[in-house]
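Colleague: Sequence unavailable; structure follows:
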C-alpha cells in the first residue's frame, strides 16, 4: 500500500489524517485477510500519542482483531471501506488521538491481556471521494474509537479500531 497522507486542521482546529490514495475502492467487499497481512508490518512498533504522551505498542494480536472483530464484521458500505483504508494510517491516527477514557476490564477472557483495563481514544480521518471520471470532488470525514489494552507488563497495546463511522458534518471540499 502506498502511504500518502496529510495531517490538516478542520474549521474547529481539530486534527484530521487525510488519506490521499485509496487501496480499497470500487469493490463489493473487502478481503480482510489482505488487510490483516498488511497490518502485520506494524507489529513491534510503538507510537506516542501527542495529546497524552502515552506510548502505544502494536502487538501480535492487533492485525487479527482489526480485521476479524465483531465490530469489523458489522461494518457495511462506506464505513467498511473507511476502516479498511485506515489500515495504512494506523500510526498517524494514534499520534493524533484525543479524549482518553478508561474502563475496567470486566471480561474474564481478557484477565491476562488487559489486566489493568482498557483505554479508548477518539481519532478522525478523511477519505477522498471521486466522480465517475475519477476526478476528486471532496473528502468524507470519518471518526473512530481506538481501543487500547493495559497489559500485565504495564504497557499499553493497540487492540482494535472501533466504531468507524462517517461524520455528518460538512465534508472537506477540494
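Modeller: Arrived safely. None of these values were measured; they are calculated from a predicted model. Numbering: from 1, shown residues only.
Colleague: Following element in sequence after the longest strand belonging to the chain, please.
Modeller: Counting residues, the longest strand found in the chain (DSSP state E) is strand 136-150. Next helix or strand after strand 136-150 toward the C-terminus (DSSP states H and E): strand 156-166.
Colleague: for residue 41, phi and psi?
Modeller: Taking degrees, to the nearest 10, you get phi -70, psi -20 for the backbone angles of residue 41.
Colleague: That one - how many residues pack around it?
Modeller: 13 (other CB atoms under 10 Å). The C-beta positions use only the backbone N, C-alpha and C, and glycine is treated the same way.
Colleague: Now stretch 160-173: average pLDDT?
Modeller: Averaged across stretch 160-173, pLDDT comes to 81.
Colleague: Any idea which helix or strand in this protein has the lowest mean pLDDT?
Modeller: Sorting the helices and strands of the chain by mean pLDDT, DSSP states H and E puts strand 172-173 at the bottom, at a mean of 58.
Colleague: low-confidence ranges in this protein?
Modeller: 1-3, 26-27, 108-112, 169-174 (pLDDT under 70).
Colleague: Quick check: buried residues in the longest helix belonging to it?
Modeller: Ranked by residue count under DSSP state H, the longest helix found in the chain is helix 77-86. Within helix 77-86, the residues scored as buried using 16 or more other CB atoms under 10 Å are 79-86.
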